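Colleague: can you look at this prediction? I've put the sequence above it.
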Amino acid sequence: MNLLNVRDLRKYYPIKSGLFSKPSGFLKAVDGVNFSIEVGETLGLVGESGCGKTTIAKIIVKLEKPTSGRVFYRNKDIHSFSRHEEHNYRKEVQMVFQDPHSSLNPRMTARDTVEEALIIHGVGKKERDTRVKELFDSVGLGEELMNRYPHELSGGQKQRISIARALAVNPKLIIADEPVSALDISVQAQILNLLLDLKSKLNLSYLFIAHNLPVIRYISDRVAVIYRGRIVEYATTKELFSNALHPYTEILLSAIPAEGSLRHGQIKTTELNVESGCDFQNICNIASEKCRNVKPDMVAVNKNHFVSCWNH
Amino acid sequence: MNRLAKYYWSRLKRNRLAVAGMIYIIILILIAILGPYFTPDPNKVNFAEKNIPPIGFSIKQSYYDAKKGEFTTVVVHGNLEHPLGTDDKGRDLLSMLVSGARVSLYIGILATGVAILIGAVIGVSSAYFGGAVDNVLMRFTDIMMTFPFFLLLVFVVFIFGQSINLIILIIGLTGWTGTARLVRSEALSIRTREFIQAAIVLGADSKRIILRHMIPNVISVIIVIATLSIPGVILAEAALSFIGLGDPTVASWGRILNAGQDTLDTTWWVAVEPGILLFLTVLAFNFLGDGLRDAFDPNK
């Protein structure tokens, strides 16, 4: 069953040089993105920093408004919700953030943070107490940590509390925006396993955002590779890792970044900007005349694999 | 004591000057509250005991002896009955300074309270709502900043008379602009933190976000600003009293200082004693404010 459906999503930020000047152009953070998430599925979004991953996440949880395009949750447009539907959406779709330190209020104890989610959704005091205990238990935190403040907790513990807060309202879909990239490698594995456990126990779906391919491979059922605000390849995890088609995916997959392509410090933005055709043409080493003139469409290679490249 | 308070106390404790300042302020507040019950009436005039110097000092005083019909000179020593001396009307300076402490602290704390309250509300709303609200509030703050506060005070005092509550109100109503800006900038950085976004995603309303997430996180800045602006207000009132715009019915430190300045060459202690107290109090508040700022700063 289809849980979330994103259709032709775009988010353009105007580039202004002064307060009263007209925008000189638009930064296309998200530029025509389509994907869907089925119930119980994990979709991985992967791409380098600044490619629009987080913007997509923020549009889905309504922290940002899209310039155009639509997001459907259970086949209803999230921007035309009634009050009741909005309230329900806030319960069913939750987000886990990247920075465990910044995602907890430093003036609230771990318990208060988790309990607040229940208060907002009108759970009674007695029920809250048992529920908070359950939640601490389910994310693998001892009760002795309940009264700690964020500065008294480790990064992994903080991220577990963030997860407990998101789980408090019994969500169906969790948007995880780089939830492990700020953690130590050993802690990363623990958190990933926790997320996988919770998924099967609570029948959750995830939109999992990361820039780290091994992490994506470990957790995702399907993967969307994003380059400059567009999905360039979209396939099941197995298919993508065994048969990557887009040159950008190939670069991501090869351990060594291609010459001058991913070393951000060394490429100027102007070199990356394209007038027409494929966004990737200046980096791609198989770019043809067609790539320079016409933007490629998403084409199906088979029913589990889509790619946006003229060479396939 | 709450564990969070304990944590900040343990950080504040490391700064000795701040602790010294805090102890001084606590003692001063206790004296201001309880002192007037133990010291003699500060308004009791007694010309027989005028111009007595503080303990350990003595001055020559000449007066007209009506019996002999000529001026005689006597040496007046400081005595225990008036440990800090008396003024030219024979009023006990210790009593005057103790009740003056009450007045000066009353003005400092109340006027700061008014200013901080207005500044915090404007600053937090400006940062939280952003956009047009932010623009309107900040331009209003700019206008208030350039407003000639002193001129207003002179006008109001001229029209309504020199009342202490009026002075507090005016200092409070015009002194919030700096607070508003500082609180706004702090709140802006809090606004972008992920826990605010998490609260929005959970469906928290503006009221909850402001009261539970924004205010508790800017409160440390507010405490620091308050501590650092109390001495400013005390000094502002002293300055007003000094130029004769204070409330003539209450003896603040500034007014005692003003009264003593004419006779600085003879009865110097009348001006010097409130001056020293003002100096120490301002210093103590500044030390405490600095210490609090460091204690609340997560990067220190």
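Modeller: It's in. Residues are numbered from 1 along each chain as shown, chains lettered A, B, ... in the order given.

Colleague: what pLDDT does the closest residue to chain A within the stretch 1-150 of chain B get?
Modeller: Among all residues of the stretch 1-150 of chain B, B:L4 sits closest to chain A, at 6.1 Å; criterion: CB to the nearest CB. For every residue, glycine as well, the C-beta is placed using N, CA and C. Per-residue pLDDT puts B:L4 at 75.

Colleague: list the buried residues of the one helix or strand it maps to.
Modeller: B:L4 belongs to helix B:3-12 when assigned by DSSP states H and E. For helix B:3-12, the neighbour count (16 or more other CB atoms under 10 Å in any protein chain shown) marks B:L4, B:R11, B:L12 as buried.

Colleague: tell me the contacts of the closest residue to chain A within the stretch 51-200 of chain B?
Modeller: Closest contact between the stretch 51-200 of chain B and chain A, by CB to the nearest CB, is at B:E194 (3.9 Å). Counting by CB atoms under 8 Å, 6 or more residues apart in numbering or on different chains, B:E194 makes contact with A:F97, A:Q98, A:D99, A:S102, A:S103.

Colleague: ok, now which ones touch the residue nearest to B:G35 when sequence neighbours are not counted?
Modeller: Residue nearest to B:G35 in three dimensions, not counting chain neighbours: B:V98, with 3.8 Å by CB to CB, 6 or more residues apart in numbering or on different chains. With contacts defined as CB under 8 Å, 6+ apart, the neighbours of B:V98 are B:I31, B:A32, B:G35, B:P36, B:T39, B:P42.

Colleague: what about A:Q157, which helix or strand?
Modeller: A:Q157 belongs to helix A:155-167, assigned by DSSP H and E.

Colleague: residues making contact with that helix?
Modeller: A:94-97, A:100-101, A:103-104, A:110, A:113-114, A:116-117, A:135-136, A:138-141, A:145, A:150, A:153, A:174, A:179-180, A:182-184, A:187, A:190-191, A:194-195, A:198, A:202, B:198, B:202.

Colleague: that one - what's its average pLDDT?
Modeller: Rounded mean pLDDT across helix A:155-167 is 92.

Colleague: quick check: buried residues in that helix?
Modeller: For helix A:155-167, burial by neighbour count (16+ other CB under 10 Å) applies to A:155-167.

Colleague: mind pulling the model confidence for residue 181?
Modeller: As the question left the chain open, I've gone with chain A. 87.

Colleague: my bad, the chain I had in mind was chain B
Modeller: 93.

Colleague: my guess is it meets B:T141, correct?
Modeller: Yes. With contact defined as CB atoms under 8 Å, B:R181 and B:T141 form a contacting pair (6.5 Å).

Colleague: report the buried members of the contacts of helix A:155-167.
Modeller: Buried among these by 16+ other CB under 10 Å: A:94-97, A:100-101, A:103-104, A:110, A:113-114, A:116-117, A:135-136, A:138-141, A:145, A:150, A:153, A:174, A:179-180, A:182-183, A:187, A:190-191, A:194-195, A:198, B:198, B:202.

Colleague: in strands only, show me the residues you listed.
Modeller: A:Q94, A:M95, A:V96, A:I174 (DSSP state E).

Colleague: which of those residues are close to chain B?
Modeller: Near chain B, judged by CB under 8 Å from any CB of the partner chain, the entries from those are A:Q94, A:M95.

Colleague: closest one of the ones in strands among the buried ones among the contacts of helix A:155-167 to B:I23?
Modeller: Set against B:I23, the nearest of these by CB to CB is A:V96 (46.5 Å).

Colleague: in terms of helices and strands, where is A:K28?
Modeller: Taking DSSP H and E as the definition, A:K28 sits inside strand A:25-38.

Colleague: taking the centroid of the chain, which residue is nearest it?
Modeller: No chain specified, so I'll use chain A. For chain A, A:I209 is the residue whose C-alpha lies nearest the centre (CA atoms, centre = their mean; 3.3 Å).

Colleague: not quite, go with chain B.
Modeller: B:G108 (2.9 Å).

Colleague: and that residue, that one's in a strand?
Modeller: No. Assigned with DSSP: H, G, I helix; E, B strand; the rest coil, B:G108 falls outside any strand and is helix.

Colleague: wait, doesn't it sit right on B:L228?
Modeller: No. Counting by CB under 8 Å, B:G108 sits too far from B:L228 to count as a contact (11.5 Å).

Colleague: just say helix, strand or coil for the residue of chain B most remote from its centre.
Modeller: In chain B, counting by CA atoms, centre = their mean, B:K68 sits farthest out from the average C-alpha position, at 50.3 Å. Three-state call for B:K68 (three-state DSSP): coil.

Colleague: so what's it scoring on pLDDT?
Modeller: So B:K68 comes in at 75 (pLDDT).

Colleague: show me what contacts it?
Modeller: B:K68 neighbours (CB under 8 Å, 6+ apart): none.

Colleague: filter the contacts of B:E194 down to just the ones in helices.
Modeller: Of the contacts of B:E194, none are assigned to helices by DSSP state H.

Colleague: contacts with chain B among those, please.
Modeller: A:F97, A:Q98, A:D99, A:S102, A:S103.

Colleague: now these as a markdown table including pLDDT?
Modeller: Output for these, formatted as a markdown table (pLDDT from 0 to 100):
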| residue | pLDDT |
| --- | --- |
| A:F97 | 92 |
| A:Q98 | 90 |
| A:D99 | 89 |
| A:S102 | 90 |
| A:S103 | 92 |
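
Colleague: which one of these is nearest B:A18?
Modeller: A:S102 (28.5 Å).

Colleague: OK, contacts around that closest one?
Modeller: B:R193, B:E194, B:F195.

Colleague: can you rerun that using 10 Å?
Modeller: If you count contacts by CB atoms under 10 Å, 6 or more residues apart in numbering or on different chains, A:S102 has them with A:P150, A:K158, A:A182, B:T192, B:R193, B:E194, B:F195, B:I196, B:Q197, B:A198.

Colleague: now those in TSV, with distance to A:E127?
Modeller: Shown next, in TSV, are the contacts of A:S102 (distance: CB to CB, whole Å):
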residue	distance to A:E127
A:P150	25
A:K158	25
A:A182	33
B:T192	33
B:R193	29
B:E194	27
B:F195	24
B:I196	26
B:Q197	26
B:A198	22
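
Colleague: lowest-confidence one in those?
Modeller: A:A182 (85).

Colleague: my guess is it meets A:S154, correct?
Modeller: No. Counting by CB atoms under 10 Å, A:A182 does not reach A:S154; the two are 11.8 Å apart.

Colleague: so how far is stretch B:13-22 from its chain's centroid?
Modeller: Taking CA atoms, centre = their mean, to the nearest Å, one finds stretch B:13-22 lying 19 Å from the centre of the chain it belongs to.

Colleague: likewise for stretch B:282-297?
Modeller: 15 Å.

Colleague: could you count how many residues lie near the residue in chain B that chain A sits nearest to?
Modeller: Residue nearest to chain A within chain B (CB to the nearest CB): B:G203, separated by 3.3 Å. Neighbours of B:G203 under the rule other CB atoms under 10 Å in any protein chain shown: 17.

Colleague: tell me the spacing between the residue in chain A sticking out farthest from the centre and A:L118.
Modeller: In chain A, counting by CA atoms, centre = their mean, A:K126 sits farthest out from the average C-alpha position, at 34.8 Å. Distance, A:K126 to A:L118, by CB to CB, to the nearest Å: 11 Å.
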